[in-house]
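K.L.:
Have a look at this prediction, sequence included:
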Amino acid sequence: SDVCSSDLHRASVVIVEATAALVAERAALLQAAGFALIDVVDLAYYGASLHQLDLCFVRADLVTEKLRPDISRFDGALWRQLA
């Protein structure tokens with residue numbers, strides 16, 4: 001069920017499960033409500049196509065550098081694609 005925007009002011013974190021077709025709409029809704037997207041997890045594919053995923057939002061005023069990965073020491077040699 002849909003969460004009323006009046007209830008969002010009480011939340012600090014919101015996890016949204018969305019089909020690939022609704023990702024942009026859901027992200028825009030939460031960002032307009034004052035939340036920052038901090039991660040995309042649990043990607044589910046149907047064949048070779050992305051079907052759904054979870055979007056992790058934190059209230060924007062609570063976002064600090066501790067929530068963001070430190071990419072200053074990024075090592076491309078450690079990067080690998082998931083099969």
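P.N.:
Received the coordinates, thanks.
K.L.:
all strands of this structure, in order?
P.N.:
Assigned by DSSP state E, the chain shows strands spanning 13-19, 35-46, 49-59.
K.L.:
partner strands of the second one, parallel or antiparallel?
P.N.:
Just to be clear, that refers to strand 35-46. Taking DSSP bridges as the criterion, strand 35-46 sits next to strand 49-59 (antiparallel) in its sheet.
K.L.:
I'd say L8 and A33 touch.
P.N.:
Yes. Counting by Cβ atoms under 8 Å, L8 touches A33, with 4.8 Å between them. Where C-beta positions appear, they are placed from N, C-alpha and C, glycine not excepted.
K.L.:
List the residue ranges of the chain that fall below the pLDDT cut-off.
P.N.:
Across the chain, the ranges flagged by pLDDT under 70 are 1-6, 82-83.
K.L.:
Spatially central residue in it, please.
P.N.:
L55 (2.7 Å; Cα atoms, centre = their mean).
K.L.:
For it, list the residues it contacts.
P.N.:
By Cβ atoms under 8 Å, 6 or more residues apart in numbering, the contact set of L55 is 15-16, 18, 23, 26-27, 30, 37, 39-40.
K.L.:
Mark which of the residues you listed are buried, thanks.
P.N.:
16, 18, 23, 26-27, 30, 37 (16 or more other Cβ atoms under 10 Å).
K.L.:
Distance of A24 relative to L55?
P.N.:
Per Cβ to Cβ, to the nearest Å, A24 is found 10 Å from L55.
K.L.:
got it, and A27?
P.N.:
6 Å.
K.L.:
again with E25
P.N.:
11 Å.
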